[in-house]
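S.K.: sequence? don't have it. structure:
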């Protein structure tokens, strides 16, 4: 099938590469001409394991090409994926102006009937708005080609996005006509032939809600275990053992029960806030999600509270921060918890030394007075304390004795449970670990 993907950011480019990998002819369109030229030359503009290789393979095979022309993108296509941004407004609602603009452009430039697919995360009933935009543009041009609207939410995780797309837990397709469902089934059949997973065929509104409900639930699970961590710290218990024991219950599961700095990234914060707003617009007060947000804000303040306890005054102290990406496996710093930690340290007057294996370039302009270190050991050397904000494997390789040698003061605030606190304590380090009693060497 010939398909088009409008917007080649994290979701869009993964969609381009993976759809080509299962045999479709794909054209990726973006209004950023510099990005398009970069992609044509084989360079992926962000870090995602396996994506550059998969994209280059698709280009080499002739299954992928990129354009900045909308008319070129939708000429003769059967399916158009909308993968543009839906940024937050000040009131927490998503800005859907880019989605509307794409829908109008499809109706303006399409040469035949097209299935228009929402891939961007959008509120329930956005499909109706897209259909309205298509209809208005068709009326203005006095031609109705019979476009269809489908919701096909993505469930990829940054750092494993290619794997999640090619071997998904489920494929969700919402359509309101048998014809649209038939097109989407043909689209996904090559993937289903490779990888057996549930194919959930439903209506558009239900599919739209599935994405927000899924992300909001996972965010709530993270906030729940972080609230339990606070209780464990006060009671002298171990949240990691609590989470392990909870996870043995198949009704609960162990995933997303890792106490730490809370959730971040481009999805959970935005989607939780949007779901609260959507519910309010529909007449329901989703108070549980507002509490999820409050606990997440509290979790981001944990490292600085620990530093005040261990160092007394933070002003003038050299603080090493390991990790700025919102999670390992990506260079994405959008809503990264580390940024709030760094901002708070700077307000306190600390001198901050930063390391991240892939994301440092994204914070150079934001933190002109910070010391950006190419090696983790350079950030640690001479620091009065270290704070872990992203659990990269390379940090786990730094042993307790090496930490003791590098740090000026033996103070470790481990917000991501990178190290075993018993081993650090035995080496003479003072350790604060989320959800565990303070340890003093």
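M.R.: Structure's in. What do you need? Bear in mind that the values here come from a model prediction, so they are computed numbers and not experimental data. Numbers count the residues shown, from 1 in each chain.
S.K.: Test my guess that residue 212 contacts residue 276.
M.R.: No - the criterion here is C-beta atoms under 8 Å, and residue 212 misses it with residue 276 at 10.0 Å. The C-beta positions use only the backbone N, C-alpha and C, and glycine is treated the same way.
S.K.: Give me the residues contacting the worst-scoring helix or strand of the chain on mean pLDDT.
M.R.: When the helices and strands of the chain are scored by mean pLDDT, DSSP states H and E, helix 126-141 comes last with a mean of 89. If you take C-beta atoms under 8 Å, 6 or more residues apart in numbering as the criterion, helix 126-141 is touched by 82, 96, 99-100, 103-104, 106-108, 116, 118, 144-145, 147, 149-151, 174, 176, 204-205, 208.
S.K.: Partner strands of the very next helix or strand once past that helix, with direction?
M.R.: With elements assigned by DSSP states H and E, the helix or strand that comes after helix 126-141 is strand 148-151. Paired strands of strand 148-151, with direction, are strand 115-118 (parallel), strand 171-175 (antiparallel) (DSSP bridges).
S.K.: and the ones you listed as a markdown table, adding mean pLDDT and mean neighbour count?
M.R.: Output for these, formatted as a markdown table (pLDDT from 0 to 100; neighbours: other C-beta atoms under 10 Å):
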| stretch | mean pLDDT | mean neighbour count |
| --- | --- | --- |
| strand 115-118 | 97 | 27 |
| strand 171-175 | 98 | 23 |
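S.K.: Tell me which of the ones you listed sits nearest to residue 75.
M.R.: Of all those, strand 115-118 sits nearest to residue 75, with 15.2 Å by C-beta to C-beta.
S.K.: Relative to residue 100, how far out is the residue nearest to residue 125 when sequence neighbours are not counted?
M.R.: In this structure, residue 125 finds its nearest non-sequential neighbour in residue 205, 6.3 Å apart by C-beta to C-beta, 6 or more residues apart in numbering. Taking C-beta to C-beta, to the nearest Å as the measure, residue 205 falls 18 Å from residue 100.
S.K.: And for residue 333?
M.R.: To residue 100, residue 333 is 28 Å away according to C-beta to C-beta.
S.K.: Same drill for those two, tell me which one is more crowded.
M.R.: Taking other C-beta atoms under 10 Å, residue 333 and residue 100 do not tie; residue 333 has more neighbours (22 against 18).
S.K.: Just the element for that one, please.
M.R.: Following DSSP H and E, one finds residue 333 outside all helices and strands.
S.K.: and it, what does it touch?
M.R.: Taking C-beta under 8 Å, 6+ apart, we find residue 333 in contact with 324, 325, 326, 339, 359, 362, 363.
S.K.: which helices and strands does the longest helix along the chain pack with?
M.R.: In the chain, assigned by DSSP state H, the helix with the most residues is helix 204-235. Contact here means 3 or more C-beta pairs under 8 Å, 6 or more residues apart in numbering; DSSP states H and E; on that basis helix 204-235 packs against helix 126-141, strand 148-151, strand 171-175, strand 199-202, helix 239-247, helix 268-282, helix 287-300.
S.K.: list the buried ones in the first one?
M.R.: Of the residues in helix 126-141, those scored as buried under the neighbour-count criterion (16 or more other C-beta atoms under 10 Å) are 126, 127, 129, 130, 131, 133, 134, 137, 138.
S.K.: closest to residue 287 among the residues you listed?
M.R.: Of all the buried residues of helix 126-141, residue 287 sits closest to residue 126, with 24.2 Å by C-beta to C-beta.
S.K.: got the angle for the helix or strand residue 187 falls within vs helix 204-235?
M.R.: Counting by DSSP H and E, the element that carries residue 187 is helix 178-194. Inter-element angle recorded for helix 178-194 and helix 204-235: 50 degrees (by axes from the mean of the first three to the mean of the last three C-alpha atoms, to 10 degrees).
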